[in-house]
Each structure stands twice: as C-alpha cells, then as structure tokens.
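**Student:** Give me a 3D structure for the following:
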Amino acid sequence: MIARLPLILTAILAAWVVSGLRAPKEKPDAFAVNEWGRLPVVANGRFQPLDSLARNSLLQLREKQTLNTEPWKTSGSPKMLTASEWLMAMTMNPSAADAWPVFRIDHPDLKGLLALPMDPNEAQKSDGKHYSWNQIQTKLKELQEQARTAAAKESSHRNPFEQAVMRLWSGVGLYMKLQNMLQPQNAEDWNAELGRYFTAIEPGRTAAMAQNSGKDYDKAALEALMRDLQRFDAMSQFEPPLVVPPETAGPNAQLDWSRMGMALMDIARGATPSFAVTSYAKMSSAYRSGNVAAFNEAVRDYRQLLGSGFDRPLAKAASEQLFNFFQPFYKGIVIFTLAGLCALGFWVRPAHWEFLRRTAVWLCLLGLTVHTGGLLWRMVLEGRPPVTNLYSSAIFIGWGAIGLGLILETFWRNGVGAVVASVCAFLTLIIAHHLALSGDTMEMMRAVLDTNFWLATHVVIVTLGYASTFVAGFLAIIFVLRGVFTTGLDSPTAKSLTKMVYGIVCFATLFSFVGTVLGGIWADQSWGRFWGWDAKENGALIIVLWNALILHARWGGLVRERGLMNCAIFGNIVTAWSWFGVNMLGIGLHSYGFMDQAFYWLMGFNASQILLILIGSLPLKMWASFRHQQPPTTPPEPRGTPQPA
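**Tutor:** I've put the predicted structure just below:
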C-alpha cells in the first residue's frame with residue numbers, strides 16, 4: 001500500500017484538477033449567473049467576460065474573488081456571493097449592493113476619518129475590516145480632500161495613511177464606474193425609464209430646434225430630454241467599461257465598442273438604438289423585480305444577437321470564464337504545498353521513507369503539468385508570449401524553477417530538487433496572487449512593449465536567468481539551514497549541493513547575459529539606443545556581473561563550499577532588486593509595474609537573506625552537522641576546469 005501511495009495521492013489530486021474544467025451547473029429556477037458572466041465587454045483595452053471584470057474588481061476592493069455579505073457573523077453560515085452575483089447587483093440593483101461590506105480598510109486613521117467602527121462588533125454588523133458604500137459615502141468629501149493632498153506627492157514619498165487613502169479613493173472610482181456601466185446608478189426600473197426616454201426624444205428635439213429658432217417651444221418636453229441626457233453624460237464621465245457593440249463587427253474589434261452612456265446620447269442625435277441597450281435594460285428590470293424567467297430569456301436573446309458576427313469575443317469570453325473556474329495557479333499552490341511537505345518528511349528518515357520522496361516528485365510533476373497548462377492557456381487568451389507584466393513574470397519564474405528542481409532531482413534523487421521546486425513554486429504563486437490584487441493581469445500591453453518577437457526572446461530568456469539565479473540561492477539556503485540546524489548535511493549531501501549550485505549558476509550566467517544583450521538590441525529598435533544606464537538595465541547587468549563573480553571566485557579558489565553558498569544567497573537580493581526593486585523607484589523607462597506597497601516585503605526579504613548569510617558565516621563548530629565530524633572539504637578546481645553540472 002505504501003509503495004502505491006505516490007500514484008494514489010497523485011491520481012486523487014489529478015481528478016480534483018480535472019473536475020475544475022467543468023463550469024458549475026446552474027439551477028433551472030435561478031438567475032443564469034454564469035451565462036450572464038460569460039457576456040463579453042471591453043475593459044482595460046481588451047475583450048473579457050463580465051465574470052473576469054467582476055473577479056478583478058473584487059480583488060481590488062476586498063482582496064478576494066468572493067463576497068461575504070455578513071463577515072461579522074461568528075456563528076452560522078454567512079451569505080456568500082460569487083463575483084458575478086455581486087456585479088449583477090452592482091450594475092442592475094445598486095441600492096442592494098450599496099449595503100454590502102465590499103471595501104476593505106485596514107488603516108486605523110483612515111477608519112477614524114470616515115467615522116467607521118474600529119473593532120469587530122456583531123451587534124453593529126461590523127468585522128472591523130470591511131465596510132459598505134453606505135458607510136463610506138457620508139464622508140466622501142473628507143476622503144476626496146485627503147486624496148488630493150496625497151496625489152500631490154510622489155508615490156514613493158507618501159506615508160502609510162496617504163497610501164491607504166489613495167487605494168480607497170481608487171476603489172471608490174472603480175465602484176462608481178461599475179454602477180454606471182449598464183444603466184444610471186439611480187435608475188429604479190431601467191426598462192420602463194428607457195421606454196420613456198425613447199418617447200421623449202422626438203418632442204424634446206422638436207422643442208430644442210424651436211428654441212434655437214426663437215419660436216415658442218414645449219419647455220416641459222425639452223427639460224425632460226435634458227434631464228435624461230445629463231444622466232447619461234454623467235454615466236460616461238466615470239469612464240465605465242465598453243458594453244455596447246457595433247451593429248456589425250468591424251476590423252477594429254475593441255475600438256468599435258462604446259460605453260452605455262455615449263450610446264444612449266447618440267440615440268438622441270438620431271442613431272438607431274443598439275440591441276445591447278434594449279437587451280441590458282430588459283435584464284435589469286427583470287433582475288430587479290426578481291423575474292428569473294424574463295432575465296434568463298433576455299440573456300439568451302442577447303447572446304443570440306451577438307452570435308451573428310461576434311463569434312470571437314464570445315468564444316474568448318467563454319474560454320476565459322472557464323479559465324477563471326479552473327483556477328490552475330490556486331490548484332498549483334495546493335499541490336506544491338503537499339509536495340513540499342512530503343519532501344521535507346523524507347529528510348526526517350531518508351533511509352526508510354523513500355515513498356515520500358517519490359510522492360513529492362510525482363506531485364511536482366502533476367503541479368508542473370497544471371502550471372504549464374495555466375501558462376499556455378493565458379498565452380492563448382492574451383495572444384502573447386508567457387511574460388508580459390510582473391504578474392506573468394512571477395508565474396513564469398515559478399515554472400522555470402519547477403523545471404530546474406525536477407532536473408536536479410532526476411540526477412541526485414535526494415529530495416533537494418523536489419524541495420526547491422515546491423518551495424519556489426509556492427512562493428512565486430503567492431507573489432503572483434498578491435500582484436493580482438492591483439487589477440487585470442491580462443491588461444493591454446504598452447505600445448513600447450507591444451512586440452511579440454522580443455517578448456518571446458529577450459523577456460523569456462532574461463526571466464529564465466532570474467529563475468535560475470533564485471534556484472541557486474534557494475539551494476544555498478538549504479545548505480545553510482541543514483548544516484547549521486540539523487545533522488543531515490553529511491559530506492556527500494554537501495558535495496552534491498555544491499555541484500548543484502555551481503551548475504545552476506553557470507546556467508544563470510548564460511541566460512542572464514544573453515537576455516540582457518537581447519534587451520539592448522530591443523532598446524536600440526524601440527528607443528534608438530542600445531544602452532542608457534537605465535535602472536532596469538543596471539539591475540540586469542548586476543545579475544550578470546554577480547553570477548560571473550561567483551564563477552571566477554570559485555575557479556580562482558577564493559571561495560569554497562560555504563563561500564559559494566553565501567554568494568548564491570546574495571544573488572537572491574541582486575535578482576529581487578532587478579525584478580521588483582527598480583519598479584519601485586518609479587523612474588526610468590522600465591518602471592511599468594510600480595507598486596509601493598511591496599516595498600516592505602522586499603526589504604523584509606532582503607533582510608532575511610542577509611541574516612542567512614550571517615548564519616552561513618558562523619564558525620563550523622556552531623554548525624550542528626559539523627560539530628562531531630571533520631567539515632567536508634574539496635580542493636579548489638584548477639582554473640578553467642569547471643565541475644560537472
């Protein structure tokens with residue numbers, strides 16, 4: 001039974017993974033939430049389903065893809081809503097959505113400014129972290145004043161309170177955009193109001209022309225039309241996503257779609273009402289009145305109308321919604337967590353628990369399959385190579401680290417490769433999750449980056465250099481932790497780790513150098529100069545120089561095992577700086593992913609690496625593995641004779 005455990009556990013998790021490839025079934029007597037969430041819109045410069053818009057928006061507002069409408073409950077089951085269910089209420093019944101605690105606020109001074117409950121209190125229906133629009137809107141003026149003050153400062157100079165104010169103010173803007181996406185936010189029965197607007201257009205236009213000619217005119221008819229046009233203009237001012245397609249699909253795709261407010265005003269100018277305008281109005285009124293049959297029929301009718309000429313947006317929206325349901329990278333976190341635990345368990349009794357190592361390897365292979373599938377799926381959805389922004393770089397670095405870890409495990413079979421693969425995958429996927437909190441991870445490319453050839457060459461190669469440098473650093477961390485705190489670092493293990501680090505550093509040097517040179521060629525084509533000492537360029541160069549320094553120090557006998565490991569750990573700091581640090585400077589041509597909230601995490605990571613270097617520099621008599629034995633030593637290799645990888 002134990003011998004079959006690797007296959008059994010892997011098969012169970014594989015079945016769990018495959019089950020996610022099927023969309024949840026909808027009840028016949030309930031609103032067709034998933035079908036509605038599959039409808040395409042244009043947001044952030046790309047086609048995406050309403051489901052993705054809802055998930056990305058909730059992540060920005062409350063850092064989760066689901067909504068707990070009763071987070072203060074300490075007993076019983078609180079009412080939970082999916083992202084699409086929340087967006088349906090936001091766009092078609094705002095008065096209900098305004099009462100749900102969707103804004104996450106953590107800073108105590110900001111809570112005080114808005115006069116919000118500070119502590120969890122079930123009687124006051126507050127968990128001390130999440131608040132509703134109704135609780136916030138009474139203090140919008142004060143929030144706006146603070147936001148103006150904070151906006152006048154450079155992002156890097158804002159204190160934590162000002163950063164919290166700007167995040168909340170951005171969330172308020174997003175909230176208003178969504179509430180004005182399909183109808184005016186103060187609409188009561190949008191289908192009926194739209195019918196009255198259609199009726200009022202002709203009398204209102206006649207009155208307007210009579211007024212311009214100096215003739216008597218129907219003042220009431222003109223005022224009625226102007227009230228509606230002011231509402232629709234206010235909708236457009238918030239710049240919500242584009243939800244109204246053209247009458248026929250054209251070559252410009254996203255550019256031909258328009259906002260609901262603009263489409264409504266165009267009708268008053270003589271344009272034919274779009275089928276999207278009337279369809280969404282029917283959905284809204286049916287949803288608000290609780291008429292399930294009418295709502296579902298309106299959704300189906302709209303999809304049929306879109307079907308003639310809009311096959312690509314519909315297919316892309318359906319594929320992306322299924323990707324959202326599948327959640328490959330969340331599943332990867334679960335799988336690699338179990339793999340890492342099995343690999344660490346193997347180290348407890350390596351002579352007897354070989355089945356745990358094999359289980360870890362099988363799980364890493366399953367995780368790599370899921371990770372690769374998610375990576376390829378994103379590439380198809382975006383129509384881009386794997387690395388386009390910070391989020392996708394975290395996903396790709398994790399993928400590269402998994403592959404390198406499994407290659408190491410194939411040669412040495414001591415659990416080290418499995419640990420590296422699972423830990424690096426887990427950490428990079430967690431980083432990717434937090435990067436997703438800033439918004440759409442498949443956003444439109446900036447014009448200067450919109451070159452698939454260089455994204456597929458320079459960016460991929462230099463990111464593999466990042467991944468391999470991190471792998472070398474984590475191998476070195478294993479050496480230090482096992483050597484100082486356990487007795488498991490015997491001479492053969494120490495030698496194998498040394499060979500692993502050396503080989504990976506050679507690999508990292510090659511890829512980081514080639515990737516940096518390719519980046520210079522791309523810069524020459526994009527900006528007219530090969531090298532400009534930009535912060536990102538300097539960061540990439542430092543990685544190349546540091547890896548080259550490690551190799552020369554090793555070849556020249558300046559460092560041995562512990563020196564090599566400490567240098568590799570410092571490589572983590574160098575790589576983290578090039579990957580994240582230069583973006584936080586907010587300067588240079590490469591600062592595309594500025595996010596000041598990650599500054600403290602980066603500083604904490606760097607501090608942890610410095611601490612590990614100090615631990616690795618302790619005298620050998622303080623290393624648990626070397627207290628009662630001669631330290632493992634290897635003579636320096638002759639110059640120019642590298643060790644086998």
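
**Student:** doesn't P28 make contact with V292?
**Tutor:** No - taking contacts as C-beta atoms under 8 Å, V292 lies outside contact range of P28: 9.2 Å. C-beta here means a position set from N, CA and C on the backbone, and glycine is covered the same way.

**Student:** Which one of these two is surrounded by more residues?
**Tutor:** Ranked by neighbour count (other C-beta atoms under 10 Å), V292 and P28 place V292 first, with 16 against 8.

**Student:** which residue ranges form the strands in this protein?
**Tutor:** 40-43, 46-49, 66-68, 80-82, 101-104, 130-132 (DSSP state E).

**Student:** burial measure for K79, as a count.
**Tutor:** Based on other C-beta under 10 Å, the number of other residues close to K79 is 11.

**Student:** so what's M444 scoring on pLDDT?
**Tutor:** We have a pLDDT of 74 for M444.

**Student:** Spit out the contact partners of the most centrally placed residue in the chain.
**Tutor:** The chain has A436 as the residue nearest its centroid, 2.1 Å off, counting by C-alpha atoms, centre = their mean. Under the criterion of C-beta atoms under 8 Å, 6 or more residues apart in numbering, the contact list for A436 reads 56, 59, 391.

**Student:** Pull out the buried members of the residues you listed.
**Tutor:** The neighbour count (16 or more other C-beta atoms under 10 Å) marks 56, 59, 391 as buried among the contacts of A436.

**Student:** Quick check, the second one in contact with H434.
**Tutor:** So that's L59. No - taking C-beta under 8 Å as the definition, L59 is not a contact partner of H434, at 10.0 Å.

**Student:** circling back to that earlier point, out of the buried ones among the contacts of A436, list just those in helices.
**Tutor:** If you go by DSSP state H, the buried ones among the contacts of A436 have 56, 59, 391 in helices.

**Student:** okay, the residues you listed in CSV with distance to G405 and pLDDT next?
**Tutor:** Output for those, formatted as CSV (distance: C-beta to C-beta, whole Å; pLDDT from 0 to 100):
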residue, distance to G405, pLDDT
N56, 31, 96
L59, 29, 95
Y391, 22, 92
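
**Student:** can you redo those residues as TSV with distance to S285?
**Tutor:** Converted to TSV, these look like this (distance: C-beta to C-beta, whole Å):
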residue	distance to S285
N56	27
L59	30
Y391	38
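
**Student:** pLDDT below threshold where in the stretch 201-350 of the chain?
**Tutor:** In the predicted model of the stretch 201-350 of the chain, residues 250-255 satisfy pLDDT under 70.

**Student:** longest helix in this structure, by residue count?
**Tutor:** Counting residues, the longest helix found in the chain (DSSP H) is helix 491-527.

**Student:** That one - contacts with which helices or strands?
**Tutor:** Using 3 or more C-beta pairs under 8 Å, 6 or more residues apart in numbering; DSSP states H and E as the contact test, the elements touching helix 491-527 are helix 390-412, helix 416-435, helix 452-454, helix 460-485, helix 535-555, helix 561-576.

**Student:** Out of those helices, which gets the lowest mean score?
**Tutor:** Among the helices and strands packed on helix 491-527, helix 452-454 scores lowest, at a mean of 82.

**Student:** Mind listing what's buried along that helix?
**Tutor:** For helix 452-454, burial by neighbour count (16+ other C-beta under 10 Å) applies to W454.

**Student:** care to break the chain down by domain?
**Tutor:** If you go by automatic domain parsing, the domain ranges for the chain are 36-179, 190-315, 322-444, 458-645.

**Student:** Among the ones you listed, which comes closest to S19?
**Tutor:** Nearest of the domains of the chain to S19, taken as C-beta to C-beta: domain 322-444 at 9.7 Å.

**Student:** what about the helices in the stretch 201-350 of the chain?
**Tutor:** Here the stretch 201-350 of the chain has its helices, by DSSP state H, counting those that start in this stretch, at 219-237, 260-268, 275-289, 292-307, 311-326, 328-348.

**Student:** Please apply the same query to the stretch 1-150 of the chain.
**Tutor:** 5-19, 33-37, 50-62, 83-92, 94-97, 108-113, 133-136, 140-151.
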